[in-house]
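Q: when you get a sec, could you give me coordinates for this:
(2 chains)
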Amino acid sequence: MSSFSQKKPRNINEASRVLFFLSPFIFLLILAFIQVLNLTLIKGENFRTKADSNRIYQSKIYPKRGFIYDKNNILLAENIVQQDLKVTLQYVEEIDLILSNISKLLNIDFEQLESNFYLRSSKKNPLEPFTLIKNLSEKQIAKLSVNLSNLPGLEIETSFSRNVIHKEISASVIGYVGNISKNDISKNPKLKSFSNQQVGKTSIERDFDPILRGKLGYRIQEKDSKGNLIKTISISPPENGKDLKLSIDINLQKKLFEEFKGRKGALVAIEPKTGLIRALISSPSYDPNILNTINNIDNVNKIFSDKNSPLFNRAISGQYPPASTLKPFVGLAALEAKSISWDTEIIDSGEYYVEGDDRPYKGWKDGGHGVVNMKKAIIESSDVYFYSLAYDLTIGNLSPFLEKFGFGSPSGLTQNESKGILPSRKWKLGYIGDFWFKGDTINMGIGQGYITATPIQIAVAYSVLANKGELVQPRIIESIGKNQTLKISKDFVTIENEKNWERIESALLGVVEASNGTAQNILNKKIRIAGKTGTAQVKSINEEEYELVRENEALRDHALFVGYGPVEEPALAVVAIIENGESGSAVAAPIVRSAIDFYTENQ
Amino acid sequence: MKNSPLSFSVNMRMSSNERQFSFDNWIIISVLILSLFGLAMIYSASHSVEMTIRQGIYLVIGLIGLLFFAVSNFRKMEIFYLQSFWIGLILLILVLIIPSEAATKRWIDLGFFTFQPSELMRFILPISAASFLTRNPITKAKDWWFVITLTFLSFYLVSIQPDLGTSLIVLLSGLLPVVISGFPWIYISAGSLLTILSLPIIWINLFDYQKQRILTLFNPEADIYGAGWNIVQSKIAVGSGGFFGKGYLQGTQSQLDFIPESHSDFIFSVIAEEFGLFGVILLFLVYGILIYRLLLVSFLSSNRFAKIVSGTLSIILLAYISINISMVIGLLPVVGMPLPFISQGGTALIVNMFTIGIILSLRKEA
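A: Got it, this is the predicted structure:
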C-alpha cells in the first residue's frame, strides 16, 4: 500500500475542515486575550493592591498599659510579661494534627486545647493570629522553640497581662480588663481597630482606658504564602499608655477593707477640701486578676454567678435610702425656708398625725423623745420632729434644696455611677404614675420613702457640711503621666444665715459626743468626729405592709454612719453602709472612726 | 523569500539532499524562543537550578528528537505508524496496572525518567489514525468507525487514571483525523448533539474534585482560602502585572509562593505578572507565528496524510495553548494542561518537540 502518494478525492477539502475545527480554539484564545486586557489594564490597579495585601502584613505592636499608683506612689496595677502560643489558621495544614502534637508536646489535655481553639479562633480572617495558649511556662517555651519549625502557623509571642497587686482590696477602685466585646464596639466604634487588645471593663481601668491603653504600633512586613518572614519594611513604635496616680491611700483602703470582711456594704472616704477619694470600698469584692487573665474559666464563672454580686460597685452604684443621715439637710432646708427656727421646740410623743388621717407616722423610739428642738432632734435622731419639719416645708421646697448638695445627680467621679433618686411631684408622676401625697413628704423627712442616694453622693453632701458650704467635685485621679495635675473644680452651696453651718455641726458633734447621742460609742475627744447615724429600710413599703415591716425592721435594715473629722480641720468625710447591719451606730460608726483616726494619724 | 509559503514549490526544485535539511526557520526559531524562555520562567517560578537544568536536558532530548523526525523520510516508515498505536495502548494499560502509591496513575517510572503514556498517546494517535484512514484513496466507513472505537478506548483508559484534561486531548487527537479526513457532517452534527445531551450524565460521573473545579470557576471568591485559592491568586498575579510587568524575578505573587504549580500549569500567570500585558502580547505573537507556519504545512501540502497529521497536531497545539491560558485566568475550570514548550514537564516538552519534527518532515513532502 502506498497511501501517501494518493491524490486526494476532489469532494473533500481538508484545509477548510482544519480551519473549521481550529476556529473554536482561536475564539477561546481571543476571549483569553480580552480577559488578560481586562485583568491587567482595567482591573490592574485593584489587583496590584490585592497582590500587595497578599504579601504585606501589618502586625500590631501592643503598647504597654499604664501603671496605676496610689497617693504615696505605691504600685497598685502593673503588667506581667508573658509568652503566649499564637496560631495563624492560614498556615496550619491540619488543625487536628497540630492540636494533638501540641497536646503531646506540652502535656496539655487535648479536649481543653480543642475547646480553647474553637473559643478563640476566628474563622473570618485566617490571617489574623489568635492566642491558643496563654502564659506558657518556661519548660513549655523551651519545648516549643525546638519544635516550632515543624509546626507551621504557630508562633510564640510576648504579651502583657494585667496584674492588680492588692487584688480584692483595690478591685472596686481599679476594676479589670478584658478582650473587646461586640458590645464594647457598639458603644465605641473606635475600639474596633483594637481587636485582640485588652480594654478596661470597669472602674478606673475603664474610665481612663484611652489614657492607660496608649496607642498601637505597627510592624509592616513582607511574608510569603506560608507566612515566612521575608523582610521587615517599616516599624512605627507604639505609644505606651500613661501611668495614673490615684488619690487612694492603699494602706487606709487595706485597713478598712479588712473591717468589711464578711460583710456586705460600701465605704467612701473623701478629703472634703479637695474632693480626693482616699478610700473606696465595695464588699464583697473579687480578685481582678482572675478576670484579667481568664486562665481558669471556673473561677471566672464563680465571680459572675456569685449571688452577692462582687462585681457590683456598691460605693458608686449602690442606691440606698439615706435614712436619718438626711436629717441635717432637712433641718438646714427648714432653717433656710424659715419654716422653723433653730430653737423651736416640738413635742415628740413617738407618733405623728396629719389632719384628716388616722394613720400614725411612728418614730423609731416608742414613747418618743419628749420636747425636742433641732439640735436634740439630730442628736437623738427624732423622727417625729423631722416628720413635722418636712410636712411644713413641703416637697416643693425640700427637693430643690437637697439638689444643691448633689442629691439626685451623679457626682461625676466615674462613668458608671448611679444617680440615686431625688423625688419631686413631677418625678413621681412620671416614674410611679401617681400624684405626690403629703405622706411622701413626711417619709422623705427622715430619708425614707422614694429618696435614694449612693454612698458617694452622701459623702459629697457631708463634705459640703464639713466645708461649710463648699462643694467639691469628687475625684480619684491625682495626676496623669508625669506632670499633669488636675485642677479642683469647686461650687458653693450658699445659705442666708452662715451661722446655720455651725449649728448643724454642733448637732452632728453631739451625735458622737453628747450623752444622748446615737453614736456615743465612738466618742474620742482626741480626734473629734461630727456625724450622723442612719438605719435604712431596704424595701420600699406600701401602706398595708407598714406595720408588718416596722416590726421586722432589725432583719431588713441597712446600717449607716456618715462622719467627718477632725472637726477643727476635717481631713476626711467618711460614709459607711453595712447592708443588713442591724444597727447603724454599732457596726458602721466604728468603721468611720477607725478610718478618720488611721488617716489622721498617718498623715 | 526562502521561507514564504511559496518556498514549497521551491522545495520541489531542490536536490533531495538539499531538501533533507531545509527547514522552516520561522518554526525552528519560535520553538527555540519559547522553550528557552520557558527555562527562564521555570527558574523564576521555582528558584530551583536543579529543576531548570533537568528541563534543559529534556529540551536537548526533545530537540534531538525534533531533528530526528525532521530529517527522516516519513514515506518509508509506514508500518511503524500503524503498529505504534498498539504500543501506545499497551502503555496506557500498563500504567493502570502497575502498582503506584500516587492517587492518580499517570506516570510510568523508569528510574531516570518518569513519563506519561497519555502524553505519548496524544502524539501517536493522530499519526496512526491518519495513516489508517489514508490507506485507501477514499476513506471507507468501517475505517472511520474503527478509528473512532480505538480513540474512545484510549480516551477511556486515560480518563480513569484519572486525567480529564489529557483524556480530552487524546479524544481530540483521535477524532480530528476522522473529521478532517471527510467524516460526513451529518454524523459530526449528530455526535455533537449527543455530547451536549449527555452533559448531565458526564457531570454525574465526574469526581468531586473535578466538579469542585468547575463550580469554583463560576465563583472563585466563594472560598478564597480553599478551592478558589488557585484561581484567585493566579488572577491577582496576572492583573497586578499591569502593562510592563514587575520585572523578571520580581513578581511578588510567584516569588512569594502565592501561585500554586507556578512552574508547571500556572506558569502563564508568572509570565503575565513579571512581563505584563506587553510580555503576553509578545508571547501570543510567537505562538501565532508558530501555529501559522505549522498550519501552512497542512494547507499547502498536496498529500492527504500530511494535511491530516499536520492539521491535527497544529489544532492540538493551539488547544493546549488556549485551554491552558483560559484556565489560568479563570475562563475555564482547572484541568491539568501544561503551556506548550514553557511549562515544566519532560514528556510534554519532548512530545511537543516530536510534533514539530514530524510537521517539519511532512513539510518536505509537498
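
Q: since we're on residue 343, how many residues are nearby?
A: With no chain named, the answer covers chain A. With neighbours defined by other Cβ atoms under 10 Å in any protein chain shown, the count for residue A:343 comes to 9. C-betas here are computed from N, CA, C, even on glycine.

Q: actually it's chain B I care about, not the one you picked
A: Using other Cβ under 10 Å, residue B:343 has 24 neighbouring residues.

Q: so what's it up against?
A: B:38, B:42, B:263-265, B:267, B:324 (Cβ atoms under 8 Å, 6 or more residues apart in numbering or on different chains).

Q: need the max-distance pair from those.
A: Of all pairs drawn from these, the widest gap by Cβ to Cβ lies between B:42 and B:324 and measures 14.8 Å.

Q: which single residue of chain A ends up nearest chain B?
A: With Cβ to the nearest Cβ as the measure, the residue in chain A that lies nearest chain B is residue A:47; the distance is 2.8 Å.

Q: who's in contact with that residue?
A: With Cβ under 8 Å, 6+ apart as the criterion, the residues that contact residue A:47 are A:39, B:235-236, B:238-240.

Q: what's the answer for residue B:38, then?
A: With Cβ under 8 Å, 6+ apart as the criterion, the residues that contact residue B:38 are B:55, B:59, B:267, B:341-344, B:349.

Q: any idea how far it lies from residue B:236?
A: When Cβ to Cβ, to the nearest Å is applied, the distance between residue B:38 and residue B:236 equals 23 Å.

Q: quick one, strands of the stretch 301-450 of chain A?
A: Along the stretch 301-450 of chain A, the stretches classed as strands by DSSP state E, counting those that start in this stretch are A:346-348, A:351-352, A:361-362, A:370-372.

Q: rank the ones you listed by pLDDT, which is bottom?
A: Comparing the strands of the stretch 301-450 of chain A by mean pLDDT, the weakest confidence falls on strand A:361-362, with a mean of 86.

Q: now the element after the lengthiest strand in chain A, going C-ward?
A: Of all the elements of type strand in chain A, the one with the most residues (DSSP state E) is strand A:75-87. From strand A:75-87 onward toward the C-terminus, using DSSP states H and E, the following helix or strand is helix A:95-106.

Q: now the angle between strand A:75-87 and that next one, please.
A: Between helix A:95-106 and strand A:75-87, the angle formed by their directions is 130 degrees, by axes from the mean of the first three to the mean of the last three Cα atoms, to 10 degrees.

Q: can helix A:95-106 be found next to chain B?
A: No. Among the residues of helix A:95-106, none lie within reach of chain B under Cβ under 8 Å from any Cβ of the partner chain; the closest is 13.2 Å away.

Q: report all helices and strands that the helix or strand just after that helix contacts.
A: Past helix A:95-106, further along toward the C-terminus, the next helix or strand under DSSP H and E is helix A:110-120. If contacts are counted by 3 or more Cβ pairs under 8 Å, 6 or more residues apart in numbering or on different chains; DSSP states H and E, helix A:110-120 sits against helix A:95-106, strand A:130-133.

Q: just the closest residue of the stretch 201-350 of chain B to chain A, please.
A: When Cβ to the nearest Cβ is the measure, the stretch 201-350 of chain B has its nearest residue to chain A at residue B:239, with 2.8 Å between them.

Q: shaky segments in the stretch 251-366 of chain B?
A: Regions of the stretch 251-366 of chain B meeting the criterion pLDDT under 70 cover residues B:365-366.

Q: now render the helices and strands packed on helix A:110-120 as TSV, adding mean pLDDT, mean neighbour count and distance to residue A:58.
A: Rendered in TSV, the data for the helices and strands packed on helix A:110-120 read as follows (pLDDT from 0 to 100; neighbours: other Cβ atoms under 10 Å in any protein chain shown; distance: least, Cβ to Cβ, whole Å):
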stretch	mean pLDDT	mean neighbour count	distance to residue A:58
helix A:95-106	83	16	25
strand A:130-133	82	19	16
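
Q: relative to residue A:451, which of those is closest?
A: Within those, the stretch nearest residue A:451 is strand A:130-133; the backing value is 48.7 Å (Cβ to Cβ).

Q: what's in contact with the closest one?
A: Here strand A:130-133 makes contact (Cβ under 8 Å, 6+ apart) with A:84-87, A:102, A:106, A:108, A:113, A:116-117, A:120-122, A:140, A:154, A:159, A:196.

Q: thinking again about what came up before, between the contacts of residue B:343, which is nearest residue B:138?
A: Nearest member of those to residue B:138, counting by Cβ to Cβ, is residue B:324, at 37.2 Å.

Q: is the helix or strand harbouring the closest one positioned near chain A?
A: Element membership for residue B:324 (DSSP H and E) is helix B:304-328. Yes. Among the residues of helix B:304-328, B:304-308, B:311, B:314-315, B:318-319, B:321-323, B:325-326 lie within reach of chain A under Cβ under 8 Å from any Cβ.

Q: tell me the most packed of those residues, by neighbour count.
A: Of the residues of helix B:304-328 next to chain A, with other Cβ under 10 Å as the count, residue B:308 tops at 32 neighbours.

Q: skipping its backbone neighbours, what lies nearest that residue in space?
A: Taking Cβ to Cβ, 6 or more residues apart in numbering or on different chains as the measure, residue B:308 lies nearest to residue B:130, with 4.1 Å between them; neighbours along the chain are not counted.

Q: per-residue confidence at the one you found?
A: If you check residue B:130, the pLDDT there is 91.

Q: again with residue B:168
A: Residue B:168 is given a pLDDT of 90.

Q: next, count neighbours for it.
A: Burial of residue B:168 is recorded as 18 neighbouring residues (other Cβ under 10 Å).

Q: show me what contacts it?
A: The neighbours of residue B:168, taking Cβ under 8 Å, 6+ apart as the test, are B:155, B:335.
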